[in-house]
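Peer 1: How does the following fold in three dimensions:
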Amino acid sequence: MISKAQAALNARRIDLNLLRVFDAVFEDRNLLRAGKRLHLSQSAISHALARLREALQDELFVRTPKGMAPTARALAMEAPLREALRRIHDTLGVQAFDPATTSHRFVVAANDYVTSVLLARLSERMAALAPSSDLVVRPSTRLDLAEQLDVGRIDIALGIFAEVPARFQSARLWLQDDVLVFRRGHPLARRKPRIEDLAAFALLTVSLGGQEEGAVSGFILERGLARQSEMFDRSALEEALAAAGLRPRFRLTVPHSLAVPDLLVDSDMVSIVPAPLARSFVARRELLSKPLPYATQHAVVRAVWHRRHEHDPAHLWLREQLAEQAMSFRA
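Peer 2: Modelled structure (predicted):
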């Protein structure tokens with residue numbers, strides 16, 4: 001067994017890259033995922049972890065059925081180490097970000113609704129301010145969304161989130177309510193919808209992931225990130241109808257909100273969608289929209305990103321553009 005003095009000497013000689021491996025393994029609890037994040041093989045991660053264990057004379061992580069569990073020493077190290085890595089990154093300096101000349105590739109996760117109403121505007125803004133940059137949109141409905149944020153393959157995820165883990169940061173973009181939409185010439189076009197109408201007319205709903213993907217109470221939980229699985233407040237609808245002794249008829253469920261106009265145009269079905277999406281349907285003269293005959297909770301549309309991007313100039317610029325384009329939706 002080595003002495004405390006030798007252990008201290010070993011600690012002073014630690015390669016900074018080993019600390020980055022520690023940080024990745026701590027967060028991912030998995031050597032393979034940590035390797036993907038750092039673009040290293042699993043064997044390279046294992047070797048680096050072995051060197052760090054030897055230098056610090058602690059196991060740091062213990063393999064369990066649920067992944068690599070940190071020891072007490074690792075738990076004590078993590079917070080100050082992450083802050084130290086951030087300060088080192090800031091001190092060394094990141095190259096200044098110039099939108100006019102950057103060729104940065106931004107990757108954003110969003111559903112088709114948010115892509116249509118927000119990212120279309122962002123794309124126009126980027127074409128004017130950062131003409132050489134690229135915007136890639138990934139589906140926010142993917143089952144490994146939190147993992148993709150963790151490993152850095154997605155810069156920002158947009159949507160409605162019930163829970164955001166501490167390793168992520170988030171910002172509110174806008175509040176939204178649900179509204180009712182239906183075809184032009186629908187029986188409801190000339191009068192105010194009543195609660196019994198939502199039992200009389202079959203419903204078209206948009207689901208972003210159901211129970212087969214592990215959805216509970218309208219949200220899918222993955223790696224601590226709970227995201228919306230249905231694009232309307234189902235519980236509010238069912239409670240309002242139950243109070244009147246009625247039940248909804250969910251006739252058609254689809255994964256894409258932009259298919260709603262085509263599915264309603266020759267039908268007496270109705271659909272419940274976010275107000276900004278309904279306004280875009282009405283503006284294009286595709287559908288009509290009216291308030292719901294019951295109260296719903298405001299939903300918060302958020303941008304979520306990993307804390308390691310908090311001070312990155314390119315990331316900051318992207319978040320500023322998103323916030324600016326979202327202003328017109330804010331209630």
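
Peer 1: what's the closest non-adjacent residue to F22?
Peer 2: Closest residue to F22 apart from its sequence neighbours, by C-beta to C-beta, 6 or more residues apart in numbering: L52 at 5.9 Å. Quick note: C-beta positions are derived from backbone N, CA and C, even for glycine.

Peer 1: can you check D233 too?
Peer 2: In this structure, D233 finds its nearest non-sequential neighbour in T296, 4.6 Å apart by C-beta to C-beta, 6+ apart.

Peer 1: Need the three-state assignment for the residue nearest to F22.
Peer 2: What DSSP: H, G, I helix; E, B strand; the rest coil gives for L52 is helix.

Peer 1: close enough to count as contact, the residue nearest to D233 and L180?
Peer 2: No - when contacts are counted by C-beta atoms under 8 Å, T296 is not listed as touching L180 (10.9 Å).

Peer 1: Those two: who's more crowded?
Peer 2: L180 (24 against 18; other C-beta atoms under 10 Å).

Peer 1: how close does the more buried one get to S328?
Peer 2: Distance, L180 to S328, by C-beta to C-beta, to the nearest Å: 22 Å.

Peer 1: This structure: helices as residue ranges?
Peer 2: Applying DSSP state H to the chain gives helices spanning 4-12, 16-28, 31-38, 42-56, 72-92, 112-114, 120-129, 145-150, 197-200, 234-243, 260-264, 275-283, 313-326.

Peer 1: Which pLDDT does the model give the residue nearest to F22?
Peer 2: For L52, the model assigns a pLDDT of 90.

Peer 1: what does S217 give?
Peer 2: pLDDT at S217 comes out at 69.

Peer 1: ditto for the one 3 residues further on
Peer 2: Per-residue confidence for I220 comes out at a pLDDT of 88.

Peer 1: So what pairs up with it in the strands?
Peer 2: A215, R227 (DSSP bridges).

Peer 1: Number of residues surrounding it?
Peer 2: 22.

Peer 1: quick one: it from S207, how far?
Peer 2: Using C-beta to C-beta, I220 is found at 11 Å from S207.

Peer 1: what sits in contact with each of those two?
Peer 2: Counting by C-beta atoms under 8 Å, 6 or more residues apart in numbering, the common neighbours of I220 and S207 are S229.

Peer 1: could I get the helices of the chain as a markdown table with mean neighbour count?
Peer 2: Shown next, in a markdown table, are the helices of the chain (neighbours: other C-beta atoms under 10 Å):
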| stretch | mean neighbour count |
| --- | --- |
| helix 4-12 | 11 |
| helix 16-28 | 20 |
| helix 31-38 | 21 |
| helix 42-56 | 17 |
| helix 72-92 | 13 |
| helix 112-114 | 22 |
| helix 120-129 | 14 |
| helix 145-150 | 22 |
| helix 197-200 | 18 |
| helix 234-243 | 15 |
| helix 260-264 | 18 |
| helix 275-283 | 19 |
| helix 313-326 | 18 |
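
Peer 1: Looking at the ones you listed, which is nearest to P165?
Peer 2: Closest of those to P165 is helix 145-150, at 7.7 Å (criterion: C-beta to C-beta).

Peer 1: hmm, who's touching the closest one?
Peer 2: Helix 145-150 is contacted from outside by 27-28, 33, 37, 109, 138, 142, 154, 157, 165, 167-168, 222-225, 227, 304-306, using C-beta under 8 Å, 6+ apart.

Peer 1: One more: stretch 276-291?
Peer 2: With C-beta under 8 Å, 6+ apart, stretch 276-291 has contacts from 113, 116-117, 174, 176, 179-184, 186, 188-189, 192-193, 257, 260-261, 264-265, 273, 275, 329.

Peer 1: These, buried ones only, as a ChimeraX selection?
Peer 2: To isolate the buried subset of those in ChimeraX, counting by 16 or more other C-beta atoms under 10 Å, use the following:
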select :113,116,117,174,176,179,180,181,182,183,186,188,193,257,260,261,264,273,275,329
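
Peer 1: Which ones among the contacts of stretch 276-291 lie within strands?
Peer 2: Cross-referencing these against strands under DSSP state E gives 174, 176, 179-182, 273.

Peer 1: What is the nearest of those residues to E59?
Peer 2: The closest of those, once distances to E59 are taken by C-beta to C-beta, is W174, at 46.8 Å.

Peer 1: so who does that closest one touch?
Peer 2: Residues counted as contacts of W174 (C-beta under 8 Å, 6+ apart) are 276, 300-301, 326, 329-331.
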